[in-house]
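Student: Fold the following.
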Amino acid sequence: MINNTYAKAYTEVLEILKYFPEEEYKKIPIEKINFYKSNMDKDYKFTINPEIDLANQNISKEANAIIVSLYRDYYATEEQKVKINEILDLNQKKEELEKRKKYNPDDIFRNNQQLNRDIENLDTTTQLVKYKENFFVKFKNFIFKLLHINES
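Tutor: Below you'll find the predicted structure:
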């Protein structure tokens with residue numbers, strides 16, 4: 001079974017393809033169309049407004065990626081294919097760089113070391129203070145004991 005996100009994306013793609021001219025629709029292999037139809041989310045209702053530009057419609061990232069790959073594979077010229085692949089590679093590198101910055105193991109380790117140092121410093125600066133009763137408190141406690149009074 002296909003991931004629910006992709007099942008919805010296939011539904012969106014099939015809805016978009018309904019608005020393609022027949023000669024353009026036929027450029028996509030029937031096996032691919034059948035794959036989308038057999039794996040689409042039949043309960044998901046998606047509609048587009050053909051009067052509005054596709055870029056301004058609420059299309060998932062997955063469906064958008066499928067549309068881009070369909071365009072690259074079946075409609076784009078060789079120059080366009082090269083450009084699209086360059087853009088996709090650039091986006092992939094940018095995403096990897098952002099992930100590297102966000103989840104950099106060196107920074108995580110460095111932050112962990114700093115946290116350990118902070119905890120050690122805290123341990124050395126905050127020691128327990130021994131409570132020393134003054135004479136008056138000792139005397140009061142002694143009197144209470146003699147009189148069998150519990151201090152509340």
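Student: Buried residues, stretch 17-36. List them.
Tutor: Residues of stretch 17-36 classed as buried by neighbour count (16 or more other C-beta atoms under 10 Å): Ile28, Ile33, Tyr36. (C-beta placed from N, C-alpha, C; glycine too.)
Student: quick one: contacts for Leu88?
Tutor: Residues touching Leu88, when contacts are defined by C-beta atoms under 8 Å, 6 or more residues apart in numbering, comprise Val68.
Student: one more time with 10 Å
Tutor: The contact partners of Leu88, taken as C-beta atoms under 10 Å, 6 or more residues apart in numbering, are Ala65, Val68, Ser69, Arg72.
Student: Among those residues, which ones are in helices?
Tutor: The subset of the contacts of Leu88 located in helices under the criterion DSSP state H comprises Ala65, Val68, Ser69, Arg72.
Student: who wins for most neighbours among those residues?
Tutor: The most neighbours of any of the ones in helices among the contacts of Leu88, using other C-beta atoms under 10 Å, belong to Arg72, which has 16 neighbours.
Student: any idea how far the residue nearest to that residue when sequence neighbours are not counted is from Tyr103?
Tutor: Counting by C-beta to C-beta, 6 or more residues apart in numbering, Ile84 is the residue found nearest to Arg72 once chain neighbours are left out, at 4.8 Å. Ile84 is 28 Å from Tyr103, where distance means C-beta to C-beta, to the nearest Å.
Student: more neighbours, those two?
Tutor: Neighbours per residue (other C-beta under 10 Å) separate Ile84 from Tyr103, with Ile84 holding more: 16 against 9.
Student: circling back to that earlier point, and the buried residues of stretch 17-36, which is closest to Phe144?
Tutor: Nearest to Phe144 among the buried residues of stretch 17-36, counting by C-beta to C-beta, is Tyr36 at 86.0 Å.
Student: Could you pull up phi and psi at the closest one?
Tutor: In this entry, Tyr36 is assigned phi and psi values of phi -60, psi -40 (degrees, to the nearest 10).
Student: Same check on Lys81?
Tutor: For Lys81, the backbone dihedrals are phi -60, psi -40 (criterion: degrees, to the nearest 10).
Student: Could you report the neighbour count for it?
Tutor: Neighbour count for Lys81, taken as other C-beta under 10 Å: 14.
Student: repeat for Gln92
Tutor: Residue crowding around Gln92 was assessed by other C-beta under 10 Å; the count is 10.
Student: Now do it against Ala65, distance only.
Tutor: Applying C-beta to C-beta, the value for Gln92 to Ala65 is 12 Å.
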